[in-house]
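>>> Generate coordinates for the sequence data below:
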Amino acid sequence: QVHLVESGGALVQPGGSLRVSCAASGFAFSNYAMSWYRQFPGKEREWVATINGGGSSTRYADSVKDRFTISRDNAKNMVYLQMNNLKSEETAVYYCYAKVQVQPGAWYDYWGQGTQVTVSS
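Predicted structure coming up:
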C-alpha cells in the first residue's frame, strides 16, 4: 500500500523560510520521481517541483525557481521542499505526489493528505 505523508507546514512570515517533508512507503521509492504540488484557496492544484529517482535532476515551476529546492533522501524514503523568501500569496496546502507502477502497464497517481503553509505577518 502506497502512502505519502507530508509534514512541516507552519505559519511563517513573508520573506521567511520553511522546509516541508514527505515520508513515502509501500513502493520502491528510489525508482520513482517525486513531486510537490500546491493548492491555493479556491484554485486548482498546481505543480511546484519534481526530482528524479536518483536525485540528480530537478525541475521547478518558474514562479518558485531560485527560491525553492526539492531534494530527497533515498535511504530514508523522504522527499523535501525547502522554501525560501516566501510570499504571502504562497499560502497554500502543499502536497507530495508520486506516479507509481503498481503492476505492468498500470500506473496510479498517489497524493499525500497535504500540509498547510501560511505566509503572513
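>>> Kindly state the beta-bridge partners for Y37.
Legend: beta-bridge partners of Y37 under DSSP bridges are W47, Y95.
>>> Please list all residues in contact with it.
Neighbouring residues of Y37 by C-beta atoms under 8 Å, 6 or more residues apart in numbering: 45-48, 94-95, 97, 111. C-beta coordinates here come from the backbone N, C-alpha and C atoms, glycine included.
>>> Quick check on those residues: which are buried?
Among those, the ones that count as buried by 16 or more other C-beta atoms under 10 Å are 48, 94-95, 97.
>>> returning to that earlier point: any chance of the contacts of Y37 in a markdown table with distance to T118 and pLDDT as columns?
Below are the contacts of Y37 laid out as a markdown table (distance: C-beta to C-beta, whole Å; pLDDT from 0 to 100):
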| residue | distance to T118 | pLDDT |
| --- | --- | --- |
| R45 | 17 | 97 |
| E46 | 17 | 97 |
| W47 | 21 | 98 |
| V48 | 16 | 98 |
| Y94 | 11 | 98 |
| Y95 | 15 | 98 |
| Y97 | 21 | 98 |
| W111 | 20 | 98 |
